[in-house]
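K.L.:
show me the folded form of this:
(2 chains)
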Amino acid sequence: MQTSHFISLYNGQSVDVKQIPIVPIPAFRDTILEAVASGKRIASLFAAPAGPDRFSLYGILADDPSGILSVSSCEVSESFPSLTPDCAQAHLFEREIAEQWAIQPLGHPWLKPIRFHPCYRDGQDAWNRKKEEAIAPCVVDFFRVNGEEIHEVAVGPVHAGIIEPGHFRFQCHGETVLHLEIALGYQHRGAERALVAGPNKKTLPIMQTLAGDTTIGHTLAYCHLMESLSGVTAPLRAQSLRGMALELERLANHTGDLGALAGDIGYLPTASFCGRIRGDFLNLTALLCGNRFGRGLVCPGGVGFDINSGITERLAQRLAQLKKDVEVATALLWNTPSVLARFEDTGAISPQTCQDLGLVGIAARACGMEMDCRFTFPSGIYSFAQIPVSSWPTGDVFARAYVRWLEIQKSIAFLQDQIAMCPQGPVRTDSNTPRPNHFCVSLVEGWRGEICHVGITDSEGSLLHYKITDPSFHNWMGLAMALRNQQISDFPLCNKSFNLSYCGHDL
Amino acid sequence: MTALKLLHPLIALAAAPLLPGVINRTKALFAGRTGQPVLQLYYDLWKLLRKGAVYSRSTTWIFRLGPMIGISVALLALTILPFGGLPAAIRFEGDLILFAYLFGLARFFTIVMALDTGSSFEGMGAAREATFSTLCEPALLIGLAAITKYTGSVSLSQMFSSLRFSDWGQAGPAFILVGSALLIVFLTENSRMPIDDPNTHLELTMIHEVMILDHSGPDLALILYAAALKLWLLGTLLIGIVVPVHSGHPALDVLIAVLCMALLAVLVGIIESSMARIRLLHVPALLIGATTLSVLALVLTAR
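P.N.:
This is a model prediction of the structure:
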């Protein structure tokens, strides 16, 4: 990996677009392949317009041990040689590039649309579909296994529970799943395109609803990015409050997930208790800002609401009680043999598969990977208050559940520290207009995993391109692989152990 | 005497829907909730009976026949099963074989009506039901054979009336073995935890529930009612063997039997509240275990 082929950035560091090396396509390809071979991950890979029928292909590589991001770019017009045959991590990113801009990744083994929207460029299409042709979501060929005893099971997009729409196609031999293909796109709202030419009034509400359960995570990634582009820093008190909100979001979702995992195996005590405790954690977020999901709390320049000593006290009190409750509720899980029998060795992913697919977040830490943006790419309050990485080596449902429990404990400890010593001062600084022609990558460890936002401004400081990579985008493939040779009846359990976002993927 | 013979079917028809209510309330208690009313199933049945039914174009008469067979079989089984000292309406040598296979008949029609829909979910449920009930059958029959061997009678009525509490002293281990085997059969046949989860909404994990997904309105009401009766029937069989009460007062016997049924429902609620469902792959092992218990009981009584 030649140093002239990429630029090294810290998380949230903005640079002039001109400083990002533009290398020839083969060198770009080699740079990414070598980086991935040496243990880096593709945090994002996307195309942004660079002139009429010309595009810049940006590759953002994350190196977890050093906390350094490497960014490289190349210019493409109609096609480029696909990375996917040599690097599975690029698989969905290249399908996305083809769908958005009709740029062909030549030699891609499974080039299908992922969100089923028309190409961003008028009159172009990677699959030569007619412009007037309506695009029906997920009406495509699926991978099929042939044989007399093979049966196919199609699940969704309408599900029995209150969840988002997604289509799952299983190839089964009896009860055993040979292959699972996941097709999403039903939730596509055109979020990234709606952000172009911003920021404007709509920008923040879009960020808050990219994935409804990750409001704080996505908004925080956006605000870090905007603050970096416009050269302002949020006051320390605001950073502390943001950290509290992010950890409360993590606590609510992790607790809810542990309860839902228990529910999926019919283990009532934990399911009932955790369902209630999740609501209590959400109520703590409401205590901070009046909204259970933290809408309106995080905004560029700081936070929208300050808390007084009365609220701080109530927060501390209720947190202490919830700590006891969640300990009791989850201890039942780890001490009940029938629960462990279901969790252990179900849906296991090997560390190799995890690395090959570039999984992030809980799914990766459950394969023993030491990666957590709060620790490896710290930003905001996490630069001052470190949270150790929680991991577990087995890669199965148990590991994904147990990592959640480990993180719950550390998040509560972090929250208690922050509540006890929240810095005084203002909670918001005046925001500034973003600098023109700048580029910034912002990583935040949402409760699911690494959220990557990339913003590029034009000559006037408006957003020329905005790229969002939700952790679900990396991890859906992990779920598909986890199901191989598993019982189809264990699918709901495996699915819940990942608990990925549909709308975060579909954007 | 005729009126007395019809008393058990009447009690069962009236009280069977209470059992799921008691189970649900027990589970709610463990979960710290109030839970649905004990009479919820009655309300549900009344609601469903007033609704219309939706039929898929791909189904045939088999789909509509299934629920009727199910309820008929349950009614027929009620007539050959004595309850708490009340005599059975019909009794003959070997009626326990009929009792066991009446459920086989109902199961056959449930399976074909599930296959009739052409849904992959229902197909999977049918395959699971067929597999597991095949494994249930020996546990039930061998268990009954052990009791038959002990009492020397192949009629349910005679078997029940000849059993006494003193038999526990003579053949306690055999009773424990048969009781355990029948409890597992009871849980499996009634699609309760830890074999099946009646509360789940996840089609891929269901066994019995998934087979009736396409039924609606009065058809669904019949299925739910038949399921409640099945709970009652197999519960009666289990209680009749494990708690052979003969106080001499028919009314007291009935009262004790009803109380035992309620306790059984509470026990089911406790089981469902205290453990996770076992992996589908391990259900056969559990059922083979139940069969083994029955075989051991037979060995003990056949000495």
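
K.L.:
low-confidence ranges, the chain, go.
P.N.:
Defaulting to chain A. A:1 (pLDDT under 70).

K.L.:
wrong chain, I was asking about chain B
P.N.:
If you take pLDDT under 70 as the line, chain B has these spans: B:1.

K.L.:
one more time with 50
P.N.:
Applying pLDDT under 50 to chain B flags no residue at all.

K.L.:
in it, where's the longest helix?
P.N.:
helix B:120-151 (DSSP state H).

K.L.:
what helices or strands is the following helix or strand past that helix leaning on?
P.N.:
Sequence-wise, the next helix or strand downstream of helix B:120-151 (DSSP states H and E) is helix B:156-162. The contact analysis (3 or more CB pairs under 8 Å, 6 or more residues apart in numbering or on different chains; DSSP states H and E) places helix B:156-162 against helix B:95-116, helix B:120-151, helix B:217-242. C-beta here means a position set from N, CA and C on the backbone, and glycine is covered the same way.

K.L.:
am I right that residue A:375 is in a helix?
P.N.:
Yes: Residue A:375: assigned to a helix according to DSSP: H, G, I helix; E, B strand; the rest coil.

K.L.:
how many residues are close by it?
P.N.:
17 (other CB atoms under 10 Å in any protein chain shown).

K.L.:
list the contacts for it?
P.N.:
A:382, A:386, A:387, A:388, A:389 (CB atoms under 8 Å, 6 or more residues apart in numbering or on different chains).

K.L.:
so the first one makes contact with residue A:374?
P.N.:
Right, the one you point to is residue A:382. Yes: Residue A:382 lies in contact with residue A:374 (CB atoms under 8 Å); the separation is 4.5 Å.

K.L.:
so which of the two has more stuff around it?
P.N.:
Neighbour count, other CB under 10 Å: between residue A:382 and residue A:374, residue A:374 has more, with 27 against 22.

K.L.:
from the contacts of residue A:375, pick the one nearest residue A:38.
P.N.:
The closest of the contacts of residue A:375 to residue A:38 turns out to be residue A:389 (CB to CB; 20.4 Å).

K.L.:
can you tell me the SS state at that closest one?
P.N.:
coil.

K.L.:
for chain B, see how far away it is.
P.N.:
Here the criterion is CB to the nearest CB, to the nearest Å. By it, residue A:389 lies 29 Å from chain B.

K.L.:
can you report how many residues lie near the closest residue to that residue other than its chain neighbours?
P.N.:
Leaving aside its sequence neighbours, residue A:389 sits nearest to residue A:372 (CB to CB, 6 or more residues apart in numbering or on different chains; 4.4 Å). If you count neighbours by other CB under 10 Å, residue A:372 ends up with 26.

K.L.:
shouldn't residue A:372 be in contact with residue A:446?
P.N.:
No: taking CB under 8 Å as the definition, residue A:372 is not a contact partner of residue A:446, at 11.0 Å.

K.L.:
before we move on, the earlier item: of the helices and strands packed on helix B:156-162, which is nearest chain A?
P.N.:
helix B:120-151 (4.6 Å; CB to the nearest CB).

K.L.:
now that closest one against helix B:95-116, angle please.
P.N.:
Relative orientation of helix B:120-151 and helix B:95-116, computed by axes from the mean of the first three to the mean of the last three CA atoms, to 10 degrees: 180 degrees.

K.L.:
helix B:120-151 packs against which elements?
P.N.:
Using 3+ CB pairs under 8 Å, 6+ apart, helix B:120-151 is in contact with strand A:150-155, helix B:95-116, helix B:156-162, helix B:166-189, helix B:283-302.

K.L.:
please repeat the previous calculation with a cut-off of 10 Å.
P.N.:
Applying 3 or more CB pairs under 10 Å, 6 or more residues apart in numbering or on different chains; DSSP states H and E, one finds that helix B:120-151 contacts strand A:150-155, strand A:167-173, helix B:95-116, helix B:156-162, helix B:166-189, helix B:217-242, helix B:283-302.

K.L.:
okay, the helices and strands packed on helix B:156-162 in TSV with mean neighbour count next?
P.N.:
As requested, those are exported to TSV (neighbours: other CB atoms under 10 Å in any protein chain shown):
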stretch	mean neighbour count
helix B:95-116	20
helix B:120-151	21
helix B:217-242	23
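
K.L.:
tabulate the ones you listed (TSV), appending distance to residue B:177.
P.N.:
Below are these laid out as TSV (distance: least, CB to CB, whole Å):
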stretch	distance to residue B:177
helix B:95-116	18
helix B:120-151	8
helix B:217-242	11
